[in-house]
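Chemist: Sequence and predicted structure are below.
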Amino acid sequence: MYVAVKGGERAIDAAHEWLSEERRGDRRLPAMSLNQIIEQLSLTVARVMAEGSLYDQELAALAIKQSRGDLIEAIFLMRAYRTTLPRFGYSNPIDTGKMSCIRRISATFKDAPGGQILGPTFDYTHRLLDFKLAAEGDDQLSDDEYDTLKVHHEVHEQSKEIPHITEFLNKDGLIQAEVESDTTPDDLTREPLELPASRALRLQALTRGDEGFVLGLAYSTQRGYARNHAFVGELRIGYCDVEMDIPELGFSIDIGEIQVTECETVNQFKGSKKEPPQFTRGYGLVFGQSERKAISMALVDRAMRWKELGEDFVGAPAQDEEFVLYHCDNIQATGFLEHIKLPHYVDFQSELELIRKIRKEALAHQEAAKSEDNQPLEAAE
Amino acid sequence: MKSLPERKKWMSLLAKAPSELVSNTFSDVMERHGLTAEFTWLRKPEIGGVMIQARAGATGAPFNFGEMTVTRCSLKLENGDVGHAYVQGRDKDKAEKAAIIDAYLQGDKAEIFAANIIAPIENALAAVKANREQKAAKTKVDFFTLVRGED
């Protein structure tokens, strides 16, 4: 138990002052602007938005700057901020089929209609450090230069929608279908998590779950702990409109546009008592460009669907929704973990007294036993 | 008053438009036509969150995906036209301008506002999208599988 302590104000003030000095670093160097963070550390910004469960690039950049790049601290700041926001409502479900894609690949169909679009990917790079980036040479442009160099693309045709790959398998009945419904999903931010959790709740928890934790669980399924033979049926990154019904207008409008990464896995499935042999699916959807997380989420989503598919529970961590859902949130985890470093003097004092008492008793008991042991020995002599 | 689909369209464009573009085109129009936006607040600009929903497996049952920030406000021009705004992000200034523009788009100055504010926003957003899609098209590949020999 944590019991409040008093005092230490001066030390705390001095500590915070030093913290802010350290955060700023060497003041002979220019300070980072939020725009620089948004533009040049965009994948970090994406991660903080995803796990902070709040899409706002500026806020995420501010949180990264304030936390000195400690991402869990930054995510904590985002979560704390979002609790102060009044909830205007719920959007209509976004339509990822209408995504304006910057990347779209399939590991299962090389001739996927719509094509394979690599986009800005680290794949196929050699993972060698690029020392050119370390050189100070600045490629910054003035506004005029920027305008001159800007390529003006003609807007000549309506962009084509890129169909989801699983639709093609669906047509042949080879893949388990997703049943469209308009049920109101449970909301983790409104009700405490209760088990068994609906798939909606599991997806909400996973998409804001810790990337490292979800990755580790997904990897465990690949290594044999509830193996589900996943292929990346489709991975796409792009922009989706967010539409919401506006009560005072009586119709819906787009209230914004967000970047998301979506992964649909196609999983081998031999069939069970409930389901015929067919491909099954896992789903991952994450804010920003974050394909490692999206693929991981899809694998863990699939592992947790064992019950509805009539599979056996083999005791693997990734199948165990209680284990996954109660441990994937890095803010809950770090909150509990880090609180043990705060003063626990009263707790510890009582522990200390207890251990002294038990120890004294145990020692006395040992003494007594020793002298008892000695007596028969003496008697034998 | 314009028909609903158009209002839906312009409000959507205003929500997604870069703040700077809204601000610049707005002041141009107001200045050029000697307009002063006299209005009363029905709802002052307010920052809040909207829970974005998505569908399991892209097409299945909805789930709560995560929140986004939104700023909204409502106002009434002197002539009685009411404007609403819901814009992405935390931007009270943009929300105010978007609501004024929404109100003017329903009155006799609609064409001026449509041509000088909404059209440039639509072009700018379409250009961003076209730019993106043409870059994406350049990275389109054809993988081909190599047939393995017998031994």
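Modeler: Arrived safely, thanks for sending.

Chemist: which residues in the chain form helices?
Modeler: In the absence of a named chain, chain A is used. A:9-24, A:34-40, A:42-52, A:57-66, A:71-82, A:143-149, A:166-171, A:199-207, A:211-222, A:291-303, A:321-327, A:330-339, A:345-380 (DSSP state H).

Chemist: please go with chain B instead
Modeler: In chain B, the helices defined using DSSP H lie at B:4-16, B:19-32, B:92-104, B:110-113, B:119-138.

Chemist: any idea which of those is most buried?
Modeler: Burial of these is given as mean neighbour count (mean count of other C-beta atoms under 10 Å in any protein chain shown); helix B:92-104 ranks first at a mean of 24. C-beta: built from backbone N, CA, C; applies to glycine.

Chemist: now for that one, which elements pack on it?
Modeler: Applying 3 or more C-beta pairs under 8 Å, 6 or more residues apart in numbering or on different chains; DSSP states H and E, one finds that helix B:92-104 makes contact with helix B:4-16, helix B:19-32, strand B:39-55, strand B:62-77, strand B:82-88, helix B:110-113.

Chemist: give me the number of residues near A:Ala50?
Modeler: 29 (other C-beta atoms under 10 Å in any protein chain shown).

Chemist: That one and chain B, how far apart?
Modeler: Separation of A:Ala50 from chain B (C-beta to the nearest C-beta, to the nearest Å) stands at 7 Å.

Chemist: In the chain, where is pLDDT below threshold?
Modeler: If you meant another chain, say so; for now it's chain A. Residue ranges of chain A with pLDDT under 70: A:1-6, A:137, A:151-159, A:375-381.

Chemist: try again with chain B
Modeler: For chain B, residues meeting the criterion pLDDT under 70 lie at B:1-5, B:142-151.

Chemist: Count the residues that sit near the nearest residue to A:Arg202 once chain neighbours are set aside.
Modeler: Nearest residue to A:Arg202 in three dimensions, chain neighbours excluded: A:Met304, at 5.6 Å (C-beta to C-beta, 6 or more residues apart in numbering or on different chains). Applying other C-beta under 10 Å, we find 23 residues neighbouring A:Met304.

Chemist: and what of the one 10 residues further on?
Modeler: By other C-beta under 10 Å, 12 other residues sit near A:Val314.

Chemist: list the contacts for it?
Modeler: A:Tyr225, A:Ala226 (C-beta atoms under 8 Å, 6 or more residues apart in numbering or on different chains).

Chemist: any idea how far it is from A:Ser220?
Modeler: As for A:Val314, its distance to A:Ser220 is 12 Å (criterion: C-beta to C-beta, to the nearest Å).

Chemist: which residues do these two both contact?
Modeler: Counting by C-beta under 8 Å, 6+ apart, the residues touching both A:Val314 and A:Ser220 are A:Ala226.

Chemist: Look up the closest residue to whatever residue of the stretch 201-350 of chain A ends up closest to chain B, ignoring the ones flanking it.
Modeler: Nearest residue of the stretch 201-350 of chain A to chain B: A:Gly256, at 3.1 Å (C-beta to the nearest C-beta). Of all residues not flanking A:Gly256 in the chain, B:Gln88 sits nearest, at 3.1 Å (C-beta to C-beta, 6+ apart).

Chemist: so the one you found makes contact with B:Ala17?
Modeler: No: assessed by C-beta atoms under 8 Å, B:Gln88 is found out of contact with B:Ala17, at 9.1 Å.

Chemist: who's in contact with residue 52?
Modeler: Going with chain A. A:Ala60, A:Ala63, A:Ala74, A:Ile75, A:Leu77, A:Met78, A:Arg79, A:Arg82, A:Arg208.

Chemist: um, chain B though
Modeler: Contacts of B:Ile52 by C-beta under 8 Å, 6+ apart are A:Tyr55, A:Ser91, A:Ile94, A:Val242, A:Ile258, B:Asn64, B:Phe65, B:Gly66, B:Glu67, B:Met68.

Chemist: Is it bridged to anything, and to what?
Modeler: Note on B:Ile52: beta-bridge partners by DSSP bridges are B:Gly66.

Chemist: coming back round to it: want to throw the helices and strands packed on helix B:92-104 into a markdown table with distance to B:Asn123?
Modeler: As requested, the helices and strands packed on helix B:92-104 are exported to a markdown table (distance: least, C-beta to C-beta, whole Å):
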| stretch | distance to B:Asn123 |
| --- | --- |
| helix B:4-16 | 10 |
| helix B:19-32 | 10 |
| strand B:39-55 | 27 |
| strand B:62-77 | 24 |
| strand B:82-88 | 19 |
| helix B:110-113 | 15 |
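
Chemist: show me the contacts for the closest residue in space to A:Gly282 that isn't next to it in sequence.
Modeler: Spatial nearest neighbour of A:Gly282, excluding adjacent residues (C-beta to C-beta, 6+ apart): A:Arg302 at 3.0 Å. Taking C-beta under 8 Å, 6+ apart, we find A:Arg302 in contact with A:Thr221, A:Asn228, A:Ala230, A:Thr265, A:Asn267, A:Thr280, A:Arg281, A:Gly282.

Chemist: hmm, 7 Å instead?
Modeler: By C-beta atoms under 7 Å, 6 or more residues apart in numbering or on different chains, A:Arg302 lies in contact with A:Asn228, A:Ala230, A:Thr265, A:Asn267, A:Thr280, A:Arg281, A:Gly282.

Chemist: May I see these arranged in a markdown table, with neighbour count as well?
Modeler: As requested, those are exported to a markdown table (neighbours: other C-beta atoms under 10 Å in any protein chain shown):
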| residue | neighbour count |
| --- | --- |
| A:Asn228 | 23 |
| A:Ala230 | 23 |
| A:Thr265 | 29 |
| A:Asn267 | 24 |
| A:Thr280 | 21 |
| A:Arg281 | 26 |
| A:Gly282 | 27 |
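
Chemist: is any part of stretch B:12-27 close to chain A?
Modeler: Yes: using C-beta under 7 Å from any C-beta of the partner chain, stretch B:12-27 reaches chain A at B:Ser12, B:Ala15, B:Lys16.

Chemist: Start and end of that stretch, how far apart?
Modeler: The first residue of stretch B:12-27 is 20 Å away from its last residue (C-alpha to C-alpha, to the nearest Å).

Chemist: Tell me how far it lies from the chain's centre.
Modeler: Remark: stretch B:12-27 is offset 8 Å from the chain centroid, using C-alpha atoms, centre = their mean, to the nearest Å.

Chemist: Next to chain B, which bits of the stretch 201-350 of chain A? Give me the list.
Modeler: A:203-204, A:207-208, A:242, A:244, A:246, A:248-249, A:251, A:253-258, A:262, A:264, A:281, A:283, A:285, A:287.
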